[in-house]
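here is a sequence together with a model predicted from it:
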Amino acid sequence: MAKVNPYEVSGNIDYEKLVKQFGVSKMTPGILKKLGTENLLLKRGAFYAHRDLNKILKGKFAIVSGRGPSEKMHIAHLAMFKAVADLQKKHGCFVFIPFSDDEKILVKGTDYVKTQKMAIENSKDILALGFDPKKTKIMFDLKHMNQDVYNLAINASSKITLSTVKAVMGFKDSKNIGSFFYPAVQIAHILYPTFKRKVPTIMITAIDQDPFVRLARDVAERMGLKKPGALTLKFLPGLSGGVKMSSSDPKSALYADDSDAEIERKIKRAFSGGRETLSAHKKYGGNPDIDASFQYLKFFLEEDDNKLAEIYKSYKSGEMMTGELKSYTISKAKKFFAQHRKNRSKIKIENYLI
């Protein structure tokens, strides 16, 4: 049985079922056209659902996409924030990126000092993706929580019952009291741009974080604010062929600080859609739809649609071997991360602080 909530994702994910369970709307060609971006995740189907984008995209809006700090950021994390940066470029919108370092302490029991260090390092990786310093603000909860955000959290908490938090978040009584209050902080993160700039926000996140959006939508109008919308991302496949990449499994993903040697080693060992023998592969072809290298090209690394289609056809027919596909993916990944490291070295966090 699948389990999907902000703190646990397991089992086989049925996205059709989640659409009904969470009450989101399926993505449509019309919504994609309104978003109007060439971002890989958007144009290749990784964002599969939304909330109220048909209404919100008619006017000005802001984007919120937060980060619960971890020791390393993998390529799927970077790709999601690249989508946010691309949407900012297209629409000229304000982007707010809150770092939930306090949540990590409450829910995961992470060390106080370590958590703050992780948040700083994560912020450099995110900001390196091309955000406009004049239209982007970040906030580290433990050190820089804005007074308006705190006030919003208190306001939200006064309008949510404990039973609602338990039901939506799936919490048990064994949680510490901070865990029960924390959804109010997340609501404040989501609603802050609406409070400050009087425009609706679009929360961009994976489906497991949607419970926070639902809580924010439940209380927004009672707080005198517009309901937030959402743009919802599928879980992106890992190198091992699993349902999603994992920050706790180094083999499942490429990370921002991986060396060229690590990139090459991981991709060479990645899950393959090729046949067991060379002759069988030439005769029957491979399966790019389950091949980890091809999925990396599709969602993260290959900008050229024609080139991607060519690789798909060639691999599926058996003309392209698994080794060739992996070699091409390795070269693209090395180039991607080399540019990312270069961009990261130029980031000055103080230019983005709230």
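Great, that's in hand.

does L231 sit in a helix or strand, and which one?
strand 229-233 (DSSP states H and E).

and what of A338?
Going by DSSP H and E, A338 is in helix 322-344.

how far out from the middle of the chain is the strand holding L231?
10 Å (CA atoms, centre = their mean, to the nearest Å).

also stretch 139-146?
Per CA atoms, centre = their mean, the centroid offset for stretch 139-146 relative to its chain is 21 Å.

quick check: buried residues in that stretch?
Neighbour-count burial for stretch 139-146, counted by 16 or more other CB atoms under 10 Å, picks out 139-142, 145-146. Bear in mind the C-beta positions are built from the backbone N, C-alpha and C, glycine included.

so K60, which state does it fall into?
coil (DSSP: H, G, I helix; E, B strand; the rest coil).

chain neighbours aside, what residue packs nearest to it?
V199 (4.8 Å; CB to CB, 6 or more residues apart in numbering).

tell me what the host helix or strand of A184 is packed against?
Using DSSP H and E, A184 maps to helix 177-197. Applying 3 or more CB pairs under 8 Å, 6 or more residues apart in numbering; DSSP states H and E, we find helix 177-197 packed against strand 62-64, strand 95-99, helix 101-103, helix 147-157, helix 162-169, strand 201-206, helix 210-220.

what's the local residue count around the residue nearest to K60?
16 (other CB atoms under 10 Å).

before we move on, back to that, looking at the buried residues of stretch 139-146, which one is closest to L233?
Nearest to L233 among the buried residues of stretch 139-146: M139, at 21.8 Å, using CB to CB.

separation between the one residue sitting closest to the centre of the chain and G224?
Nearest to the geometric centre of the chain sits M80, at 4.1 Å (CA atoms, centre = their mean). Going from M80 to G224 by CB to CB, to the nearest Å gives 30 Å.

just to revisit the earlier point, of the buried residues of stretch 139-146, closest to M27?
M139 (29.1 Å).

got the angle for whichever helix or strand A49 is part of vs strand 229-233?
Using DSSP H and E, the element containing A49 is strand 47-51. Put simply, strand 47-51 runs at 160 degrees to strand 229-233, going by axes from the mean of the first three to the mean of the last three CA atoms, to 10 degrees.

and the residue nearest to K60, what is it in contact with?
59-62, 94, 193, 226 (CB atoms under 8 Å, 6 or more residues apart in numbering).

for it, helix, strand, or coil?
V199 ends up coil, using three-state DSSP.

distance of it relative to I75?
Counting by CB to CB, the separation of V199 from I75 is 31 Å.

over to S157?
Taken as CB to CB, the span from S157 to I75 is 36 Å.

now do the helices in the stretch 1-150 of the chain.
15-22, 29-35, 40-43, 53-56, 75-91, 101-103, 112-127, 141-144, 147-157 (DSSP state H, counting those that start in this stretch).

which one of the ones you listed lies nearest to D257?
helix 112-127 (8.6 Å).

how is the protein divided into domains?
As assigned by automatic domain parsing, the chain contains the domains 3-236, 250-342.

so which of those domains gets nearest Y352?
Here domain 3-236 is closest among these (CB to CB), at 4.8 Å.

the closest one: how far from the chain's middle?
The answer for domain 3-236 is 9 Å, by CA atoms, centre = their mean.

give the rounded mean pLDDT of that domain.
Across domain 3-236, pLDDT averages out at 93.

quick one: residues contacting T115.
69, 101, 104-105, 142.

could you dump the domains of the chain into JSON lines and include distance to I349?
Formatted as JSON lines, the domains of the chain follow (distance: least, CB to CB, whole Å):
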{"stretch": "domain 3-236", "distance to I349": "6"}
{"stretch": "domain 250-342", "distance to I349": "16"}
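
indicate which one of those is closest to K348.
domain 3-236 (8.6 Å).

what's the local residue count around the closest residue to M169 other than its chain neighbours?
Distances taken as CB to CB, 6+ apart put P211 closest to M169, at 5.7 Å, once the chain neighbours are dropped. Using other CB under 10 Å, P211 has 21 neighbouring residues.
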